[in-house]
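Trainee: this is a predicted model, with the sequence first.
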Number of protein chains: 2
Amino acid sequence: MRGIKKNPYPQPSIRRLPSYLRFLRRLRGEGLLKVSCTEIARELDLDSTQVRKDLALTGIVGRPRIGYGLADLILAIEDFLGWDRTSDAFLAGVGNLGRALIGYDNFRQCGLNIAKVFDTDGDKVGSMVFGRRIHRLGEMPALAAKSGVGLGIITVPAAAAQKVADIMAASGIKGIWNFSPVRLELPSRILVENVELVSSFAILSANMRRKRSRGVAAGHST
Amino acid sequence: MRGIKKNPYPQPSIRRLPSYLRFLRRLRGEGLLKVSCTEIARELDLDSTQVRKDLALTGIVGRPRIGYGLADLILAIEDFLGWDRTSDAFLAGVGNLGRALIGYDNFRQCGLNIAKVFDTDGDKVGSMVFGRRIHRLGEMPALAAKSGVGLGIITVPAAAAQKVADIMAASGIKGIWNFSPVRLELPSRILVENVELVSSFAILSANMRRKRSRGVAAGHST
């Protein structure tokens, strides 16, 4: 049961926490002090039992008919996710996807700061992207030694991904957010989260496929 | 139980199917004819019971000590996901993320074809991106009427997302892959899959947070 040991928390629940947080911060901005599971469930189109279960992960429990204190709940989620502090990251691969991430404003809300960016393309190295100078990939270990960065983000093409991951490991990086479609081989002390863009498309696509089948079936039955 | 009615299949299982498919296609490329759950589980660092359960979604059942016929298994997954046919998509928002998706080669493997791209920026409209002319957003309904597109991809900023979704709905689009951090309000006949980049970061970040706590706890106990 290796997959389960590694992730004692249900991943779908963790995936939902950021959307709860966004909604809760909006309510706080509107001056509210309390919120109920039912309100969160209605806003996010979920079942309220599911919402209660997800929030319990963070160790916070709502009170019947009163709900949650908004400030406490926000703090509990931020603390659970580690979003109450800033995480500096090095990003390797300043292509279109890399640029999209570097320019993505919403990362500030989760404490993610893309501190330095790297590429191997001599034409890119030395130029600026969203206020950051692009460094040579080979400079990473020295720059990491200076600043003690914890996170690496890989947005290079598949063929270069393992090499970049090795350099990140050698640079003392502890967690890698991997956007390449490669299963990285890394020492077990390094956490890896693979982003498969096509995984999310798979859900939409499978649901549309199912809807088409039902449509066809309904058509036949009339 | 609205969330459950909408998605009778477990989403984490569907999310894993694309990585199974990538591995299986690679094995087929190497000339293999059979594969077992154990082999898939080992490659993808999962539990083999989980793999068997995930694959059973597609209606295919392996045979004890023989495993799955590779060709049958690939077809079953492709059929389940609707990846055995090409889905034409319209993409709105040719910023960095839009460009990253338009240029993403791997979409061909899931039958996704970004057929036409749209923007509201007069400087972009008429220019080319990865071989596609950028159209004015207002042209979408007419172009959709001509080509009968089923999918919409939203990569515009949050403030423009609902307006784009409305235009897509009016254009007869049946499924929307939404990369904006906005909960879109749409007729229930339209399927929406929201991609929250920060959801995936939440998992990495929460795991790193937990590791830090354990590290601190271990430090205290010595």
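Mentor: Structure received. Numbering: from 1, shown residues only, chains lettered A, B, ... in the order given.

Trainee: are we agreed that residue A:114 is in a strand?
Mentor: Yes: the assignment for residue A:114 (DSSP: H, G, I helix; E, B strand; the rest coil) places it in a strand.

Trainee: what angle do the lengthiest helix in chain A and helix B:197-221 make?
Mentor: Identified as the longest helix of chain A according to DSSP state H is helix A:197-221. Inter-element angle recorded for helix A:197-221 and helix B:197-221: 130 degrees (by axes from the mean of the first three to the mean of the last three C-alpha atoms, to 10 degrees).

Trainee: which residues touch helix A:197-221?
Mentor: Residues from elsewhere that reach helix A:197-221 (C-beta atoms under 8 Å, 6 or more residues apart in numbering or on different chains): A:179, A:181, B:7, B:9, B:11, B:14-19, B:79-83, B:87, B:101, B:104, B:106-107, B:109-112, B:150-151, B:174-177, B:191-193, B:195. Any C-beta I mention is one placed from the backbone N, CA and C, and that applies to glycine too.

Trainee: can you say which helix or strand has residue A:160 in it?
Mentor: helix A:158-170 (DSSP states H and E).

Trainee: who touches the helix or strand harbouring residue A:42?
Mentor: In this structure, residue A:42 sits in helix A:37-44 according to DSSP H and E. Contact with helix A:37-44 is made by A:16, A:19-20, A:23-24, A:46-52, A:55, A:62, A:67-68, B:183, as judged by C-beta under 8 Å, 6+ apart.

Trainee: so how far is residue A:93 from residue A:160?
Mentor: 7 Å (C-beta to C-beta, to the nearest Å).

Trainee: looking at those two, which is more packed in?
Mentor: Between residue A:160 and residue A:93, residue A:93 has the larger neighbour count (other C-beta atoms under 10 Å in any protein chain shown), namely 25 against 16.

Trainee: ok, that one touching residue A:155?
Mentor: Yes: here residue A:93 lies in contact with residue A:155, judged by C-beta atoms under 8 Å, at a distance of 3.8 Å.

Trainee: and residue A:10, what's its pLDDT?
Mentor: What the model reports as pLDDT for residue A:10 is 83.

Trainee: skip the chain neighbours and tell me the closest residue to it.
Mentor: If the residues on either side of it in the chain are set aside, residue A:10 comes closest to residue A:57, at 7.9 Å by C-beta to C-beta, 6 or more residues apart in numbering or on different chains.

Trainee: for that neighbour, what are its contacts?
Mentor: A:9, A:10, A:13, A:14, A:17, A:80.

Trainee: which of those residues fall in strands?
Mentor: Among the contacts of residue A:57, the subset assigned to strands under DSSP state E is empty.

Trainee: when you scan stretch A:130-141, is anything in it near chain B?
Mentor: No: for stretch A:130-141, no contact with chain B is found by C-beta under 8 Å from any C-beta of the partner chain; the gap never falls below 9.4 Å.

Trainee: any idea how far apart the tips of that stretch sit?
Mentor: Using C-alpha to C-alpha, to the nearest Å, one end of stretch A:130-141 lies 23 Å from the other.

Trainee: same question, stretch A:86-101
Mentor: Termini of stretch A:86-101 sit 16 Å apart (C-alpha to C-alpha).

Trainee: buried residues, that stretch. List them.
Mentor: A:87-101 (16 or more other C-beta atoms under 10 Å in any protein chain shown).

Trainee: so residue A:146, which state does it fall into?
Mentor: Assignment for residue A:146 (three-state DSSP): helix.

Trainee: I misspoke; the intended subject was residue A:89.
Mentor: Going by three-state DSSP: residue A:89 is strand.

Trainee: partner residues bridging it?
Mentor: Beta bridges link residue A:89 to residue A:114, residue A:151, judged by DSSP bridges.

Trainee: tell me the spacing between it and residue A:177.
Mentor: Taking C-beta to C-beta, one finds residue A:89 at 8 Å from residue A:177.

Trainee: picking up where we left off before, what comes into contact with the helix or strand that the helix holding residue A:42 is followed by?
Mentor: Next helix or strand after helix A:37-44 toward the C-terminus (DSSP H and E): helix A:48-56. By C-beta under 8 Å, 6+ apart, the list of residues contacting helix A:48-56 from outside reads A:13, A:16-17, A:20, A:37-38, A:40-41, A:44, A:62, A:68, A:73, A:76-77, B:3.

Trainee: what's the ChimeraX syntax to select whichever of the residues you listed are buried?
Mentor: Applying 16+ other C-beta under 10 Å to the contacts of helix A:48-56 leaves a buried subset, and the ChimeraX line that selects it is:
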select /A:13,16,17,20,37,40,41,44,62,68,73,76,77 /B:3
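
Trainee: between which two of the contacts of helix A:48-56 is the distance greatest?
Mentor: Using C-beta to C-beta, the two most remote members of those are A:76 and B:3, lying 22.3 Å apart.

Trainee: now for the closest residue to residue A:24 other than its chain neighbours: which residues touch it?
Mentor: With sequence-adjacent residues excluded and distances taken as C-beta to C-beta, 6+ apart, residue A:24 is closest to residue A:74, at 5.2 Å. Taking C-beta under 8 Å, 6+ apart, we find residue A:74 in contact with A:21, A:24, A:25, A:28.

Trainee: same question, residue A:132
Mentor: Contacts of residue A:132 by C-beta under 8 Å, 6+ apart are A:102, A:114, A:116, A:117.

Trainee: run the last query once more with 7 Å
Mentor: Counting by C-beta atoms under 7 Å, 6 or more residues apart in numbering or on different chains, residue A:132 makes contact with A:102, A:116, A:117.

Trainee: beta partners of it?
Mentor: residue A:129.

Trainee: quick one: it from chain B, how far?
Mentor: 14 Å (C-beta to the nearest C-beta, to the nearest Å).

Trainee: poorly predicted segments of chain A, please.
Mentor: Scanning chain A for pLDDT under 70 picks out the ranges A:1-8, A:216-222.

Trainee: one more pass at 80, please.
Mentor: A:1-9, A:215-222 (pLDDT under 80).

Trainee: returning to what we had before: could you list which of the contacts of helix A:197-221 belong to helices?
Mentor: Going by DSSP H, the helices hold B:11, B:14, B:15, B:16, B:17, B:18, B:19, B:79, B:80, B:81, B:101 from the contacts of helix A:197-221.

Trainee: how far away is the fourth one from residue B:45?
Mentor: For residue B:16, the distance to residue B:45 (C-beta to C-beta) stands at 11 Å.

Trainee: now do the second one
Mentor: Counting by C-beta to C-beta, the gap between residue B:14 and residue B:45 amounts to 18 Å.

Trainee: with the third one instead?
Mentor: Applying C-beta to C-beta, the value for residue B:15 to residue B:45 is 15 Å.

Trainee: the two: which is more packed in?
Mentor: residue B:15 (19 against 11).

Trainee: what sits against the more buried one?
Mentor: A:199, A:202, A:203.

Trainee: element containing residue A:183, please.
Mentor: Under DSSP H and E, no helix or strand contains residue A:183.
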